[in-house]
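Asks: here you go, sequence then predicted model.
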Amino acid sequence: MKHEQYLRDLLAPLGVYRWEGSFQWGELRSEGMALDQAAQELEHLQREMNLWTAQEEGLRGVLALLGRAKDEETESTDSLRQTAISLLQVGGGSFTLRAINEILQGCGFPVLVEETGTPLEVRVSFPGVVGIPGGFARIQEIVESILPCHLSVEYVFAEA
């Protein structure tokens, strides 16, 4: 129901208003339209405040807070939402190799992090990718922002 009709239904039982051909009905209609616009804006804000429903500035804001701007227009809203969800899991208590790999794969990176056998050193490889993957600098930046800072990182690339 539009707000103009809601206001009319609310005031009609009082019996003091003339609706047809009066300024009162025009005033209620304009107030109702203003309330409809406010409700529409609030609905939009509510959608953008929730990560599960955000599509525009809400999603961009979360990604910016997490250090990952929406830099590629080819990424879908669902993949960006999955990236944000994965990044929010960083430091969530269980920081195992499995958790790190799940976070990185949730960000859309085809990487595999493994221990090397040397203390405080990990190996990052790119299964299924021959050579240096496209956008490697960005991938390296994000991988190293997710991995604990005390680890030494060795990158391994498959040869053709």
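Replies: Great, that's in hand.
Asks: so for the protein, the centremost residue is which one?
Replies: Centroid-nearest residue in the chain: residue 59, 3.2 Å away (criterion: Cα atoms, centre = their mean).
Asks: for residue 50, see how far away that one is.
Replies: 10 Å (Cβ to Cβ, to the nearest Å). In this view, the C-beta of every residue, glycine as well, is placed from N, C-alpha and C.
Asks: picking up where we left off before, the residue nearest to the centre of the chain contacts residue 78, correct?
Replies: No - the criterion here is Cβ atoms under 8 Å, and residue 59 misses it with residue 78 at 10.3 Å.
Asks: what residues does the helix or strand of the chain with the lowest mean pLDDT touch?
Replies: Counting by mean pLDDT, DSSP states H and E, the chain has its least confident helix or strand at helix 77-88, which shows a mean of 78. For helix 77-88, the external contacting residues (Cβ atoms under 8 Å, 6 or more residues apart in numbering) are 51-52, 54-55, 59, 62-63, 66-68, 70, 75, 102-108, 146.
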